[in-house]
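>>> Here is a sequence together with a model predicted from it:
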Amino acid sequence: MRVSEKACEGVKARGTGNAREQILRDLRVNLSVLLLFLLVPTFVCAKANAQDAPAAVAPSTAPAPGTVASSGAPTIANPPAGPTQPVAFSHKKHIAEAKMGCNDCHEPSRNGATVAMPQPTKCMLCHAAIATDKPDIQRIAEAAKANEPMQWVRIYRVPSFVQFSHKTHTDTGAKCEDCHGAVAEKDVMAKEKDLSMGGCISCHTAKSAPTGCDTCHQLNSVQLRSPAAATDEALVARLTRPEAPPVSILAIHRFLAAVALPSTSNFAL
Ligand code: HEC
Ligand code: HEC
Ligand code: HEC
Ligand code: HEC
Ligand code: HEC
């Protein structure tokens, strides 16, 4: 074997000297060679495994558009194209190729209720050295230098009168994909999941989570905006999805009365 051959050569070459010292030195050589033999395959295997491993997130198991996911918010039938962002950011590139995880850029904030949107200094951790010749990267570098935030165009938003916490949902096992689609496969982010009231309630119903109005709306909320619907029927349709139990107009009236807003039939639009 090569290890012992090498060690023997060492003994031959040195020839003279303290025998004990030589044995120790040879032992050290043997150990380091052995270590090398142990480490190299581990490293090679790790690399091979990384290449064999499926992309960070398994291929999309998204249901046919318009149907309810077995878990998660309903998929939007004809999702709008994603907005033009300040730089052409690709989730696919960073997750599948740069092997990043969601939390690397979107750390939980406000006790996990929200997650952060990444700022230029974060991007520069890599882009101080990667793709520095690209105009998009130079724009990020300028923003980082000027200490300016990136003006990301937001895709998912709930109005301020709606209670929503990421943490309570991920704590009960909801995955990012359940509510945002196969983000890891996307070059451009678009809104592909229905997180309107009907979408929320579809999943709550499927998961036996509470669906009472005060689950998601504080009854004393003063921020509830006027429903943008001319008739009760239109409002019910707006707030309901076909597969979820309909929200009765009575419940809406009761709810609006509780938040001290005029009943929907009084809204002049
Ligand atoms: C993936 C399915 C799913 C979707 C989609 C979903 N929810 Fe939930 N939600 C749950 C489950 C399950 C619970 C129960 C959690 C528990 O038992 O603690 C819950 C609990 C809640 C609660 C009560 C716990 C808390 O955080 O105070 C609120 C409020 C809530 N959801 C709001 C919403 C809103 C608003 C939306 C839509 C924007 C939404 N949810 C969409 C599954 C979902
Ligand atoms: C962990 C390292 C890492 C971080 C952090 C990172 N990126 Fe990247 N980024 C990469 C790699 C790797 C590529 C692929 C480079 C290539 O194709 O040559 C890339 C490519 C890009 C490109 C395409 C460049 C081009 O025109 O080819 C853009 C734009 C980009 N990143 C934006 C961002 C933004 C915005 C952030 C911060 C939110 C960010 N990156 C954070 C590693 C990173
Ligand atoms: C390298 C940093 C980076 C990583 C890693 C990353 N994101 Fe993002 N994410 C961004 C940037 C930048 C934007 C804004 C630009 C855009 O929408 O493409 C964004 C936008 C989003 C949005 C839209 C937010 C909104 O309402 O406007 C969601 C949802 C999202 N990411 C989910 C994820 C998930 C899920 C993962 C993991 C599978 C992930 N991201 C991993 C940087 C990252
Ligand atoms: C139950 C559904 C649900 C799950 C699961 C979920 N999100 Fe969200 N996400 C939302 C909703 C609703 C919003 C809009 C929140 C708002 O406007 O306050 C949102 C907003 C975001 C945003 C924009 C920043 C913010 O906090 O408003 C990012 C980024 C994001 N989500 C990433 C993720 C990542 C990463 C995961 C997995 C760790 C994830 N989401 C899991 C429903 C969900
Ligand atoms: C699981 C969470 C959830 C529950 C439960 C819920 N809502 Fe909502 N509600 C929402 C969300 C999210 C929106 C914002 C929808 C949007 O902006 O598209 C909303 C919006 C509304 C609006 C404003 C509509 C508009 O178009 O301006 C009214 C009114 C309303 N809800 C009444 C109710 C009533 C009445 C109940 C009980 C029967 C109820 N909600 C139960 C999540 C919920």
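Yep, that arrived. Numbering: from 1, shown residues only. Ligands and ions are numbered 1, 2, ... in the order given.

>>> so how far does stretch 107-118 reach from one end to the other?
This stretch, stretch 107-118, spans 9 Å end to end (C-alpha to C-alpha, to the nearest Å).

>>> Mind checking if that stretch is in reach of ligand 1?
No: judged by C-beta under 6 Å from any ligand atom, stretch 107-118 and ligand 1 are separated, with a smallest distance of 8.1 Å. No exception for glycine: its C-beta is placed from N, CA and C like everyone else's.

>>> outside of that stretch, which residues touch it?
With C-beta atoms under 8 Å, 6 or more residues apart in numbering as the test, stretch 107-118 has contacts from C105, H106, M150, W152, F164, S165, H166, K167, T170.

>>> Can you tell me the closest non-neighbouring residue to the fifth one?
Taking C-beta to C-beta, 6 or more residues apart in numbering, and ignoring the residues beside it in sequence, F164 has V158 as its nearest neighbour in space, at 5.2 Å.

>>> Would you mind checking the contacts of stretch 107-118 for buried ones?
C105, M150, F164, H166, T170 (16 or more other C-beta atoms under 10 Å).

>>> which one of the contacts of stretch 107-118 sits closest to T215?
F164 (10.5 Å; C-beta to C-beta).

>>> Correct me if wrong: that closest one contacts H204.
No: contact criterion C-beta atoms under 8 Å: F164 and H204 do not qualify, at 11.9 Å.

>>> How is this structure partitioned into domains?
2-52, 196-269 (automatic domain parsing).

>>> and these, which one's lowest on average pLDDT?
Note on the domains of the chain: domain 2-52 shows the lowest mean pLDDT, a mean of 38.

>>> need the contact list for P246.
Applying C-beta under 8 Å, 6+ apart, the residues contacting P246 are V236, T240.

>>> For P86, see how far away it is.
With distances taken as C-beta to C-beta, to the nearest Å, P246 is found 41 Å from P86.

>>> swap in H180?
Distance of H180 to P86, computed by C-beta to C-beta: 20 Å.

>>> for F255, same thing?
Taking C-beta to C-beta, one finds F255 at 39 Å from P86.

>>> Neighbour count: those two, which is higher?
F255 (19 against 14; other C-beta atoms under 10 Å).

>>> Check which helix or strand the more buried one maps to.
Remark: F255 resides in helix 249-258, with elements defined by DSSP states H and E.

>>> How about C179?
For C179, the host element (DSSP H and E) is helix 176-180.

>>> is ligand 5 contacted by that helix?
No: Helix 176-180 is not in contact with ligand 5 by C-beta under 6 Å from any ligand atom; minimum separation 11.6 Å.

>>> what is the rounded mean pLDDT of that helix?
When pLDDT is averaged along helix 176-180, the result is 97.

>>> just checking, next helix/strand downstream of that helix?
helix 197-206.

>>> buried set for that following helix?
Neighbour-count burial for helix 197-206 [16+ other C-beta under 10 Å]: M197, G198, G199, C200, I201, S202, C203, H204, A206.

>>> ok, the closest residue to I155 other than its chain neighbours - how many residues close by?
Leaving aside its chain neighbours, I155 sits nearest to K191 (5.1 Å; criterion: C-beta to C-beta, 6+ apart). The number of residues packed near K191 is 18, by other C-beta under 10 Å.

>>> go on, the one 5 residues further on?
Neighbourhood size, S196 [other C-beta under 10 Å]: 17.

>>> mind listing what it touches?
S196 touches R238, L239, R241, counting by C-beta under 8 Å, 6+ apart.

>>> cool, P245 as well?
By C-beta under 8 Å, 6+ apart, the residues touching P245 are I201, T205, T211.
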